[in-house]
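Undergrad: below are the sequence and a predicted model; questions follow.
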Amino acid sequence: MAISKKEQRIVAIVWIIGIIVVWELFAFLLKNVIHDPMAAMKLPYPHTVAMTFLENWKTLLEAGLVTFSRAAIGFTLGAIIGILLAVIMSLSKTMEKIAFPYLIISQMIPVLGLAPIIFNIVRDMNVSRIVIAAYITFFPVAVNMLSGLKSVEQDQKDLLFSIAANKFKIYQKLMFPFAMSYLFTGLKIAAPMAVTASILVDMLGSQGGIGVKILYSLYSNSTNIFWASVFTSAFMGIISFYIVIFAERLCLPWQNAAPKKDGVRA
Amino acid sequence: MNTPEIQIKNVGMVYQVNNGEEIVALTDINLDIQEGEFISLLGPSGCGKTTLLRIIADLLQPTSGSVSIRGQSPKEIRMQHKYGIVFQSPVLYDWRTVRRNVCMPMEIMGIPKKERTARITRMLELVGLRDFGNKYPFELSGGMQQRVGIARALALDPEFLLMDEPFSALDEFTREKLNEDLLSIWSKTKKTVIFVTHNIPESVFLSDRVVVLSPHPGRISAIVDIDLPRPRQNSIRETSEFYEHVTKIRRSFEGV
């Protein structure tokens, strides 16, 4: 059943209000009925968190920007590397066979372990953030882009072959435009992950960044700042996701107009 | 008679299957096609009609024999953009509007923009899609999509047109309409057409000659001249001459 845009919005608003009300209720129960001494840590009142956010928005925003901007650079680099890898693997079956196991292995290393290693090598917080964000990004981008490049139908390639198009033209006119929607699937997966990874790197002992805020407020028992920082982080992840969605709308205008087949369009 | 435009000599095609077995898709195909002729390759699935078309298009290499087109190899013909091809599915690019789909071969060729625009307009006019240039493929019906495919195949003004069951996915009404329109396009452009189909009335309606192929192994079992008068309209399908040709071809399959 189709739901109109307006109805969707109403549903979203009802959900948000509902969650806040339930949350307030549980915070009240925890503090005033159960008398949990750790109530403020476990579940503070949402309105106090909101107040803290408003009082500290400038420092939170600054810290968030430090992390977010590095994540964005890393994300961009990782996306470029991922696209290049996908193109190389699509050009040669041998390259795909050689490279793919390494790609898989690379994802077996936990970022939590890799981040300090990278930091010890480069000895620079910003570079570490960028490297880790890129490292997180390249894999989903490469895998999705490759699957897009490999999904082009033989007839579509034959058509270009029949008018004597060279490899470059085939990629330019057919393979890349075709793989775009696959690429954006990879980017959508990667963007929030890149942000999360950058926050993680913050926690290794950076000077600025939202991860530092989370860590210090946790140590210093500033519960409200802690919660406000966590929400800022979550917000950054969501923003990154919607930036990619927005870019997709700009780059693939035909996708918006096209009716969706079973919710997915190749 | 003039020297034929396309000469197919002793062409054979053998596929190696994984277990080492060989499948003979085509054997001993000999066929001469005259300039400006409308030829149908007709036969059931597995008779090798599409394989033969793809050999002419240089999309497949025969395992024996040769194809000569105006004294040149299929590859040379392909490199010079001398044929246009239409596939069973329209093979349109989703991300391009109708105009830009028709434009695509000309972009590859590097034809100047001004000429491209003029040609696209002419092609869309020819296939009856003048008002649909700015639509995306998904906004068109199956028949209209196939018209775009034909416009695109003709965009480089090729000398002949290869069509691989272009209307087989369409309903009967649309198919008959497009058959008629294809003949009108053909009479305007005077190109040699090789048309693959498994529909007997369609082959009779369109062709000067119907080449009947039979399977296992794929070979030519009959060549039937269709001497129905031109220009042909769909009303010709109701005449007894049309019916006789259809019957004759149908009978040629019974002997197989």
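TA: Looks like it came in fine.
Undergrad: quick one, strands of chain B?
TA: Assigned by DSSP state E, the strands in chain B fall at B:6-16, B:22-33, B:38-42, B:64-69, B:83-86, B:160-164, B:192-197, B:209-214, B:219-225.
Undergrad: would the shortest one count as contacting chain A?
TA: Read that as strand B:83-86. Yes. If you take C-beta under 8 Å from any C-beta of the partner chain as the test, strand B:83-86 does meet chain A, through B:Tyr83, B:Ile85. (Glycine included, C-beta is placed from N, CA and C.)
Undergrad: got any ranges where the chain has weak pLDDT?
TA: No chain was given, so I picked chain A. Applying pLDDT under 70 to chain A flags the ranges A:1-2, A:256-266.
Undergrad: right idea, wrong chain: chain B
TA: Chain B contains residues with pLDDT under 70 at B:1-2, B:255-256.
Undergrad: got CSV for the strands of chain B, with mean neighbour count and distance to A:Tyr182 too?
TA: Listed next are these as CSV, based on neighbours: other C-beta atoms under 10 Å in any protein chain shown; distance: least, C-beta to C-beta, whole Å:
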stretch, mean neighbour count, distance to A:Tyr182
strand B:6-16, 17, 32
strand B:22-33, 18, 34
strand B:38-42, 26, 37
strand B:64-69, 17, 38
strand B:83-86, 26, 27
strand B:160-164, 23, 28
strand B:192-197, 25, 32
strand B:209-214, 22, 40
strand B:219-225, 16, 43
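Undergrad: do you know which of the ones you listed lies nearest A:Ser206?
TA: Nearest to A:Ser206 among those is strand B:83-86 (59.7 Å), distances taken as C-beta to C-beta.
Undergrad: and the closest residue to B:Ser187 other than its chain neighbours, how many neighbours?
TA: Residue nearest to B:Ser187 in three dimensions, not counting chain neighbours: B:Pro231, with 6.1 Å by C-beta to C-beta, 6 or more residues apart in numbering or on different chains. B:Pro231: 10 surrounding residues under other C-beta atoms under 10 Å in any protein chain shown.
Undergrad: also B:Arg250?
TA: By other C-beta under 10 Å, the residues close to B:Arg250 number 12.
Undergrad: same check on B:Gly128?
TA: A count of nearby residues for B:Gly128, using other C-beta under 10 Å, gives 16.
Undergrad: chain A contacts on the stretch 1-150 of chain B?
TA: Residues of the stretch 1-150 of chain B lying near chain A (C-beta under 8 Å from any C-beta): B:57-59, B:78-81, B:83, B:85, B:87-89, B:91, B:93-96, B:104-105, B:107-109, B:136, B:138-139.
Undergrad: report the contact partners of the residue nearest to B:Ser187.
TA: B:Leu183, B:Ser184, B:Ser187 (C-beta atoms under 8 Å, 6 or more residues apart in numbering or on different chains).
Undergrad: tell me the domain boundaries of chain A?
TA: Following automatic domain parsing, chain A resolves into domains at A:1-43, A:56-257.
Undergrad: hang on, the earlier thing: of the residues of the stretch 1-150 of chain B next to chain A, grab the buried ones for PyMOL.
TA: Only the buried entries of these go into this PyMOL selection, using 16 or more other C-beta atoms under 10 Å in any protein chain shown:
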select buried, chain B and resi 57+58+59+78+81+83+85+87+88+89+91+93+94+95+96+104+105+107+108+136
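Undergrad: show only the entries of the residues of the stretch 1-150 of chain B next to chain A found in helices.
TA: Among the residues of the stretch 1-150 of chain B next to chain A, the ones falling in helices (DSSP state H) are B:Arg78, B:Met79, B:Met104, B:Pro105, B:Glu107, B:Ile108, B:Met109.
Undergrad: out of those residues, who's nearest A:Ala234?
TA: B:Met104 (44.6 Å).
Undergrad: residue contacts, that closest one?
TA: Neighbouring residues of B:Met104 by C-beta under 8 Å, 6+ apart: A:Lys173, B:Tyr93, B:Arg96, B:Arg152.
Undergrad: excluding chain neighbours, what is closest to the last one?
TA: Spatially, and ignoring its direct neighbours in sequence, B:Arg152 is nearest to B:Val102 (4.9 Å; C-beta to C-beta, 6+ apart).
Undergrad: if we can go back for a sec, indicate which one of the domains of chain A is closest to chain B.
TA: domain A:56-257 (4.7 Å; C-beta to the nearest C-beta).
Undergrad: residue of the stretch 151-256 of chain B closest to chain A, please.
TA: For the stretch 151-256 of chain B, C-beta to the nearest C-beta, closest residue to chain A: B:Leu156, 6.8 Å.
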